[in-house]
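Q: no sequence for this one, just the structure:
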């Protein structure tokens, strides 16, 4: 048996949730650190504005490297709404979005 490990500590709201890369004004990729609190504030604000409930269905259209993909996934999941994935070839196919939403 190896050495005992410390028990994991609960995360703090100020802890890093993810790094978003943006080109900014220089054209060079720059990592922007996003805390759990910042991500949660975005999700909570959009939940409130859109009045999401467990009866809703959210099309996950945002690319994962785009900041609002956090909303697509976590706003839906935290309210019990369904997240609908979309095929890459249907990203610009609005009639297909409707089909998926109605399934």
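A: Sure thing, it's come through. Computed from a predicted structure; not experimentally measured. Numbers count the residues shown, from 1 in each chain.
Q: going forward, measure contacts and count neighbours with C-alpha atoms only.
A: Noted.
Q: tally of neighbours for residue 33?
A: Neighbour count of residue 33, defined by other Cα atoms under 10 Å: 14.
Q: and it, that one's in a helix?
A: No - judged by DSSP: H, G, I helix; E, B strand; the rest coil, residue 33 forms no part of a helix; its state is strand.
Q: Show me what it is bridged to.
A: residue 19 (DSSP bridges).
Q: My guess is it contacts residue 15. True?
A: No - contact criterion Cα atoms under 8 Å: residue 33 and residue 15 do not qualify, at 9.6 Å.
Q: mind pulling up the phi and psi values for residue 47?
A: The phi/psi pair for residue 47 (degrees, to the nearest 10) reads phi -60, psi -50.
Q: Sorry, slip of the keys, the one I care about is residue 96.
A: Dihedral angles (degrees, to the nearest 10) for residue 96: phi -70, psi -40.
Q: tally of neighbours for it?
A: With other Cα under 10 Å as criterion, residue 96 counts 15.
Q: For residue 28, which residues are in contact?
A: residue 22 (Cα atoms under 8 Å, 6 or more residues apart in numbering).
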